[in-house]
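# have a look at this prediction, sequence included:
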Amino acid sequence: MYAAAGGLLIFAGFPPRPLWFLAPVGIALLTCVLTNFGRGGLRLRAGFGYGYLAGLGFLVPLLPWIGVFVGAVPWLALAAVESLFIGLFGLLAVLVSRLPWAPLWIAATWTLTEWLRSSVPFGGFPWGRLAFGQSEGWLLPLAAIGGAPLLSFAVALTGTGLAAVAVRIGAKQWNRGFVGAVAAAVVPVIVALLVAPFLATMDSGDKTITVAAIQGSVPRLGLDFNAQRKQVLDNHVAETLKLADAIDAGQADRPDVVIWPENASDIDPLRNADAAADITRASEAVGAPILVGTVLVNSDQTTTNSVIVWDGENGPQERHDKKIIQPFGEYLPYRSFFRNFSSYADRAGNFVPGNGNGVVHAAAIPIGVATCYEVAFDRAFEESVRNGAQLLAVPTNNATFGDTEMTYQQLAMSRVRAVEHGRAVVVAATSGVSAIIGPDGTVHSQTDLFLPEVLVADVPLSTSTTLATRVGPAPEVVLSVLAVGAVGIALLGRRRQN
C-alpha cells in the first residue's frame, strides 16, 4: 500500500497540478518502503514487487490519455510495461541500500532505470520522467546545467535524502549519517537556488523578433478528426487571415515568423495545388513565412510528418521531417502480431523517420523544431541548438487525446527544454494548449483548449549555449555508470557474505 501511495504522490506532482514538491515526497516514501524503513532485510524480488506497485500507482493515472479513443487496453498495457522499469529500480535500490551514502546510489539507480525506460523498447518512452514534473519547481534551474537527466536525479536525490532523514530522526541517530542525509535532501535545492538568478539573463537574448502561433482548432475530436482535413487547414488559414486583418488595423504587430501546429495541413501541399494556394494566400496576407505542419506522401506511399517553411509566393523552402516517430501511433512495429490484440492496430500510420539536423530557416532565423512526441527526447533539441537554432518550436497535435492532462504534461516538457537550452520556445497546437515560453521556462501567454486562438509575442533569439547543451548526455552517462558501479560493489558484497 505504501509503495503504491508513493507512486500516486509522484503522479500528483505532475502538471496540471502545481504540486511539484510531491514528487520527491513520493520518492521518499517509496525509498522508505524499499529500505524497510531503515531496517533493511528485503529480498530483491520484494524490492521489484514494491517498485512495480509504485510504477502502477504513478503511471496508470498519468497515462489515461493513451486510451481516450482506443479503449483501456493500450493505456493499461503501456502502464504495465513501463512499470517494469520502476520495478527494476526497486530491485536495484534494495541492492545498494546497505552501501555507505545509500541515498546517492539509490538516486543514481533511478537515473539508470529512467535512461533505460527512455531508450527501450522501440526507442523508449520518456513520458513521466521526474524532470517533466518540475516545470514550476525550485529545482528547474538545474536543467540549464545538466539537462533533464540531472533534474530528474536531483528530484530523486532529494527524495532519497528525505527518506534517510526521516529514518534517522525516527531512530534518533544524530550522527554523520544524519548529516549526510540532510545534505542529500537539501544540496540539490541550494544549488538550484544559486543557479536561478542566472536564468534571468537568458531572457534578453542577442536580438528580439515577433512570432505568432496559430491554433485553428479541429472540427471534431477523436481519431477521425482529420477525416475533415480541409476544414482543419481552413481553420488555420482563417485564423492567420484574421491576424493579417488585425495587423492592417494596427491592432497587432506584424510577426517575423508564423508557426502552425503539427497536422495543420494533412493535405499534402506539395501534391495538392488548392492546399498550396491556401497556404500561400495566408503567408502573403500576414507578410511572413509560415512553418506549416503537414503530412507528405512519398513515392513509395509511406508518409513523413513534416514541417515546411512556406514563404509567400516563393512557396516551400526548408523542411523538418519528424525523426523520432511514435510507435503504435505513427507506425506499428510487428503489425501482424499486435493486430491480434486490438482492432485499432491497423489504424496506426505508415510514417517513416526523417533525417537532418532539426533546424529550418525562416526569415533568415534558424529555428529548432521538435514535432510533438520529439520534445520528450533529449537529443531532439540538443541537436537543433548545437546546429545553430536560436529559437525553438514545438508544433503539436493533441486533438486525438481530448481534454486530458496530456497537453499540460507536454507543455511542461517544453518549459524544461527552454531552460535546458536557454531558448524561447513556441508551442503551436491544433487544439491547445499553445504557448509562448521564455528561456527561463516562464509561460508568457497560452491558449485555452479547443478554441481558435492566435498568440503574438516578442521573443529573444540567442546564440549562447547553456552548460547542459554543451555537455549533452554526459551527466546521464556519468550517473548511470555510478549506478552500475554501485550495483557491482553491492553484488560483490552479497557474494562474500554468502
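All right, it came through fine. Remember, it's a predicted structure, so these values are computed and weren't measured experimentally. Numbers count the residues shown, from 1 in each chain.
# strands of the stretch 351-498 of the chain, residue ranges please.
Using DSSP state E, counting those that start in this stretch, the strands found in the stretch 351-498 of the chain span residues 359-362, 365-369, 391-396, 425-429, 435-437, 443-446, 453-461.
# the first one pairs with which strands, and in what direction?
Spelled out, it's strand 359-362. Under the criterion DSSP bridges, strand 359-362 sits next to strand 365-369 (antiparallel) in its sheet.
# next, the angle from the partner strand to strand 425-429.
60 degrees (axes from the mean of the first three to the mean of the last three Cα atoms, to 10 degrees).
# what sits up against strand 365-369?
If you take Cβ atoms under 8 Å, 6 or more residues apart in numbering as the criterion, strand 365-369 is touched by 209, 256-257, 291, 307, 320, 358-361, 381, 384-385, 387-395, 423, 461. Quick note: C-beta positions are derived from backbone N, CA and C, even for glycine.
# could you report the neighbour count for residue 64?
Residues contacting residue 64 under the criterion other Cβ atoms under 10 Å number 17.
# likewise for residue 19?
For residue 19, using other Cβ under 10 Å, the count is 17.
# now residue 80
Residues near residue 80, counting by other Cβ under 10 Å: 14.
# packing partners of the strand or helix carrying residue 275?
Using DSSP states H and E, residue 275 maps to helix 273-286. Other helices and strands packing on helix 273-286, by 3 or more Cβ pairs under 8 Å, 6 or more residues apart in numbering; DSSP states H and E, are helix 229-248, strand 290-297, strand 303-310.
# off-centre distance for it?
Relative to its parent chain, helix 273-286 has a centroid offset of 32 Å by Cα atoms, centre = their mean, to the nearest Å.
# for stretch 102-121, what is the distance to the chain centroid?
Computed by Cα atoms, centre = their mean, the chain-centroid distance of stretch 102-121 equals 17 Å.
# quick check: buried residues in that stretch?
Buried residues in stretch 102-121, defined by neighbour count with 16 or more other Cβ atoms under 10 Å: 102-115, 117-118.
# who touches residue 274 in this structure?
Residues counted as contacts of residue 274 (Cβ under 8 Å, 6+ apart) are residue 267.
# measure it to residue 49 for me?
Going from residue 274 to residue 49 by Cβ to Cβ, to the nearest Å gives 58 Å.
# ok, residue 132 touching residue 413?
Yes. Between residue 132 and residue 413 a contact is recorded at 5.1 Å, counting by Cβ atoms under 8 Å.
# give me the common contacts of these two.
Common neighbours of residue 132 and residue 413, counting by Cβ under 8 Å, 6+ apart, are residue 376.
# which of the three states applies to residue 75?
Following DSSP: H, G, I helix; E, B strand; the rest coil, we place residue 75 in the helix state.
# for stretch 367-377, what is the distance to the chain centroid?
Centre-to-centre, stretch 367-377 and its host chain are 9 Å apart (Cα atoms, centre = their mean).
# got the CA coordinates for it in CSV?
In CSV, the C-alpha atoms belonging to stretch 367-377 read as follows (Å, rounded to 0.1, in the frame of the first residue of the first chain):
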residue,chain,number,x,y,z
ILE,A,367,14.6,27.7,-35.7
GLY,A,368,14.9,24.3,-34.0
VAL,A,369,11.9,22.1,-34.5
ALA,A,370,10.8,19.1,-32.3
THR,A,371,7.4,17.9,-33.5
CYS,A,372,5.1,16.8,-30.7
TYR,A,373,6.5,13.4,-29.4
GLU,A,374,10.1,14.5,-30.2
VAL,A,375,10.1,17.1,-27.4
ALA,A,376,10.2,14.3,-24.8
PHE,A,377,13.6,13.1,-26.1
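# fine by me, we can end here.
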